[in-house]
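Student: structure for this input, please:
(2 chains)
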Amino acid sequence: MRVRLLPLVALLVCTTAGAQRPPPGYVSEKLPNGLAVSILPDATMPVVATQVWYHVGSANEEPKTRGFAHLFEHLMFGGTLSTPKRAIWDHHERYGGDNNAYTSFDDTVYVSEIPPAGYTRVLSLEADRMIDLSLTSENLENEKRIVTEELRLTNENSPLNRLYTKGLKAIFGEHPYALEPTGTKEDVAAATLEHAREFYARFYRPKNAHLVVVGPIDAAATLAKVREAFGPLPADGETPPDVPSLATWKFPAEIDLSEDIPPVEIAVLGFPLPPTDHADAPTLKVLFSLLAWGHVDPLEEDLVRRRRKALFAGTRGMTMRRGGAIVLYSASLPYRRKASAYRFLDEARQKLGAFEWIDEAKLRAAKRRLILSELQDAYYASSIADRIGRAAWYEGDERHAFDTAARIDEVGLEDVKAAFRKYVLDREPIRVYVSPEHVPVLVRLFGWLEPVVR
Amino acid sequence: MRAPHAAVVALLLTVAAGPRAHAEPSVLPPPQVQEWAVDSGTTGMLVEDHRVPVASVRLAFPVGTWSPWGRRHHLEEAFEIQMRDGKGELRRRADLLAIEVALSPQERSSDLKLTCRKEDLASALALVRDVLFNRDFDRDELKRRRQARKFAWTASRKEAEFVVGQAAVRILFREGDPRAQSFEEPPPLATDPVRLAETRDALIRFPGRIIGFAGDLTLDEARRAARGLLPDPSASAPPDASPVFGPLSSASERPRDRTVGLERLTQVYFAYGRDSLSYEDADWPASEIADHVLGGHFNSRLMVALRQEGGETYGAAVQNFGGLQPSLYGIRTFTRTANAARTEGILRDVLRRFHDDGITEEERADAGSCLVGRRAFDRQAPSQILSTRMTERLSGLPDGFTERMAERAAAVPLGELNAFIGRFFDPDVFTMLKVEAP
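Tutor: The predicted structure is shown next:
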């Protein structure tokens, strides 16, 4: 049986300028109180995704509210003046839905997925907790205990997580991205009810929120319900000021870290990237697709296969709203001096500057990989809601959720080369060296044999 | 601190919420999976869906890492290494087609998966064929992976979750049982490309193969695409291709308490466990409801007692590894070291009360509607529908088993459920396993 194309799909497979319009049925509105609303109906989907993006994350915390972004991710399930604690979970459970939230450096997002029969009540529940959250000392103290257990689990009891936490702090220094979005135990312990209420009143309000609904819904009826539920909320709230861009941040030149990891030493070169709304963003997407997201990673080919200077090597990317990074890394057994490891990595970086990894055919393939990835997401209401929320907040325009094909189509071979030169070849990297705390004697003595016997 | 009158408070909150709405059951049409015989040992399947111009392909070979044959012949590395030819041509072709070819040896099958634009399907399948016929395995890469396997093992022994799992399987399974395999030190990775190619050649010919398609193609297109994709099937699989499961330790053999040490932990990790049921057990549908109420969602008995009321933990849940065979059944949580005794007490108390009192009609109804409603999540993409059907077929389960199980579970009457809970959740057959700093 033939079914019509999903609304988004036509835009992904077509790269003409006309395709930059949002799909049919899409509704975008700002309510008088400042709440941004995006609705995308799709009758073929079996679940409705509702997301509320609050544009406040851990990077926006002030000294007196450290850890609050994540703490609120928990407190928001604590009931309201008119709805009992945990009601939002009860509602989702009854319909087989899911309701959760996550905190990042730049935002806190509340996500619901539920079969269509249950979705209108989700809107009322979200509106209710946007204004009437029950912020009591009992709730606060309980969530502080829960969050502290989460922090112990994620930040203390896993060597790799410990390394990540240490690395962020050392690399970002005084930048707000230095602190893990989950906060620290000390921050959580210091949280007071007074400051929690102030944080809620400033940031959990219509002017700092974006509501996105995607799924088998009637757009007009949903908009009416949104107006009814959220319209009466006061026109207040504020969006915190932007944190400094990573592109202009002064990073330390070199950092050494150690942790209880397997006996490998890891050399890393990090290159900061500009914010996600920068004009180079589409080119950087294509660059990542070429270097990091295929089967062949040019850095790995050179260091691991051709020259056998590392056991593992590769290219990775990090993306935060106010900047990201291209990361080149290599790992080898701990018999080599740090200077040699950096030298090999630097040589590999310079070789990438010969651009053997890119030609017209590879560029086309890299773009197709990006489009294919979005096409695969097109079945899922939550993925599309996420794309709309992210485009609005990270790229400054929700329409960018629908114009990926057109934007990356404009990226040419020379644009990618120029971006690589600008961000990687012409920059001094941040150097990070990670050593294991313990190295078995045999590995220390005979590790050098590994590339020989391989 | 726990609320002193939790039951009274819960009642008040329920009243404040007004009458509880009864969830409308989601009406889902039966999944449409078309099927045909590709050859004497291969079934073709298609979930046709033209909403998005992509096609997903899953080739499933009915032998996996739990097979004694597979273990003896290093199936895992033989299957995974196929994309790695000496010159890297296969990977380069995959990149030019912008597709990711995933080769995943599973416990009971070995799967090749890819998704591509519809217009690339023919080229993608030509690549798949060349991958499955590739005999030039990259020896260097095999040796590198051997080292990587050692590191992965070293790293996992420092993760609390892994140590809990390892301790649990050592209590429940006898040595050599495939269900314990992923928690025991793996053998050195085989690096002889010739022998590995022989293994791969044999395993992809075992009868019972499935070629599955999902997405933007018609039955005619799928039939044409499947033709000649695989080498001819062998007449039969070797006798030791299927996994062999030993008996589980009996309740009387298992310790009531066990503590395992792991350096540097600041929390204690609990697994309060026993042996699980299997699908063959008449009580399985009841166990799905019981698991859900006890530890299957944010407001479960465990989460309310251990997280929502007293902040003892961040998470508490039931982990049921049973299914085709009985396996581990664990009630899991963790807490700060200084709070371990209190948390253990609550954990034991939750189980005891669950066992003694059973569940309420309201809990039963909510759990049933949740399990039935949740089926919609596995119906979003055609590849999900295909995956469910292929997994059922490879497991020897009837078509639609997974979705019908939710309905069967929702239909179990309260009396039957509570009788089952009284039998299964007897605290005297559970072992309290803890992982903590020595």
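
Student: verify the contact between residue A:262 and residue A:437 for me.
Tutor: No. Residue A:262 is beyond contact range of residue A:437, at 10.7 Å (criterion: C-beta atoms under 8 Å). Heads up, the C-betas are built off the backbone N, CA and C, glycines and all.

Student: who are the contact partners of residue A:241?
Tutor: Contacts for residue A:241 (C-beta atoms under 8 Å, 6 or more residues apart in numbering or on different chains) come out as residue A:60.

Student: which residues touch the closest residue to residue A:301 other than its chain neighbours?
Tutor: Leaving aside its chain neighbours, residue A:301 sits nearest to residue B:88 (7.2 Å; criterion: C-beta to C-beta, 6 or more residues apart in numbering or on different chains). With contacts defined as C-beta under 8 Å, 6+ apart, residue B:88 is in contact with A:296, A:301, A:305, B:138.

Student: helix or strand for residue A:299, which one?
Tutor: Element membership of residue A:299, judged by DSSP states H and E, is helix A:298-300.

Student: let me fix that, I meant to ask about residue B:87.
Tutor: Residue B:87 belongs to no helix or strand, assigned by DSSP H and E.

Student: chain A versus that one, what's the distance?
Tutor: Distance, residue B:87 to chain A, using C-beta to the nearest C-beta, to the nearest Å: 10 Å.

Student: spatially nearest residue to that residue, not counting backbone neighbours?
Tutor: residue B:136 (7.8 Å).

Student: can you list the residues of the stretch 201-350 of chain A near chain B?
Tutor: In this structure, the stretch 201-350 of chain A approaches chain B at residues A:260-264, A:294-296, A:301, A:304-305, A:308, A:311-312, judged by C-beta under 8 Å from any C-beta of the partner chain.

Student: derive a ChimeraX selection command for the buried subset of those.
Tutor: Here is the ChimeraX command that picks out the buried ones among these, judged by 16 or more other C-beta atoms under 10 Å in any protein chain shown:
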select /A:260,261,262,263,264,294,295,296,301,304,305,311,312
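
Student: dump the residues of the stretch 201-350 of chain A next to chain B into TSV; add pLDDT and secondary structure as well.
Tutor: Shown next, in TSV, are those (pLDDT from 0 to 100; DSSP: H, G, I helix; E, B strand; the rest coil):
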residue	pLDDT	secondary structure
A:260	89	coil
A:261	88	coil
A:262	85	coil
A:263	86	coil
A:264	89	coil
A:294	95	coil
A:295	96	coil
A:296	96	coil
A:301	95	helix
A:304	94	helix
A:305	93	helix
A:308	91	coil
A:311	91	coil
A:312	94	strand
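
Student: hmm, back to that, what does the residue nearest to residue A:301 show for phi and psi?
Tutor: phi 80, psi 20 (degrees, to the nearest 10).

Student: pLDDT wise, what is it at?
Tutor: We note a pLDDT of 95 for residue B:88 in this prediction.

Student: do the same with residue A:71
Tutor: 95.

Student: what does residue A:2 give?
Tutor: pLDDT, residue A:2: 40.

Student: what about the residue lying closest to residue B:275 once chain neighbours are set aside, which SS state?
Tutor: Leaving aside its sequence neighbours, residue B:275 sits nearest to residue B:248 (C-beta to C-beta, 6+ apart; 4.8 Å). The three-state assignment at residue B:248 reads coil, by DSSP: H, G, I helix; E, B strand; the rest coil.

Student: and chain A, is whichever strand or helix holds residue B:78 touching that?
Tutor: Assigned by DSSP H and E, residue B:78 belongs to helix B:75-80. No. Contact of helix B:75-80 with chain A (C-beta under 8 Å from any C-beta) is absent, the minimum separation being 13.1 Å.

Student: helices or strands up against the helix holding residue A:299?
Tutor: Using 3 or more C-beta pairs under 8 Å, 6 or more residues apart in numbering or on different chains; DSSP states H and E, the elements in contact with helix A:298-300 are strand A:312-320, helix A:338-352.

Student: for the ones you listed, which one ends up most surrounded?
Tutor: strand A:312-320 (a mean of 19; mean count of other C-beta atoms under 10 Å in any protein chain shown).

Student: tell me the angle of that one relative to helix A:338-352?
Tutor: Per axes from the mean of the first three to the mean of the last three C-alpha atoms, to 10 degrees, the angle that strand A:312-320 makes with helix A:338-352 is 80 degrees.

Student: who touches the residue in the stretch 201-350 of chain B that chain A sits nearest to in this structure?
Tutor: Using C-beta to the nearest C-beta, the single residue of the stretch 201-350 of chain B nearest to chain A is residue B:311, 2.8 Å away. Counting by C-beta under 8 Å, 6+ apart, residue B:311 touches A:141-146, A:149.

Student: need the max-distance pair from those.
Tutor: Spatial extent of the contacts of residue B:311 (C-beta to C-beta) is set by the pair A:141 and A:149 at 13.4 Å.

Student: so which of the two has more stuff around it?
Tutor: Neighbour count, other C-beta atoms under 10 Å in any protein chain shown: between residue A:141 and residue A:149, residue A:149 has more, with 25 against 13.

Student: only the buried residues of the helix or strand where that one lies, if you could.
Tutor: Using DSSP H and E, the element containing residue A:149 is helix A:137-151. Of all the residues in helix A:137-151, those buried under the rule 16+ other C-beta under 10 Å are A:139-140, A:142-151.

Student: so where's chain B shaky on pLDDT?
Tutor: Filtered on pLDDT under 70, chain B yields the residue ranges B:1-28.

Student: nearest to chain A: which residue in it?
Tutor: For chain B, C-beta to the nearest C-beta, closest residue to chain A: residue B:373, 2.2 Å.

Student: where does residue B:315 fall, phi/psi-wise?
Tutor: phi -150, psi 150.

Student: quick one: contacts for it?
Tutor: Residue B:315 neighbours (C-beta under 8 Å, 6+ apart): A:153, B:303, B:307, B:332-334.

Student: can you check residue A:433 too?
Tutor: Residue A:433 touches A:254-257, A:265-268, A:338, A:341-342, counting by C-beta under 8 Å, 6+ apart.

Student: mind redoing it with 6 Å?
Tutor: A:256, A:267, A:338 (C-beta atoms under 6 Å, 6 or more residues apart in numbering or on different chains).
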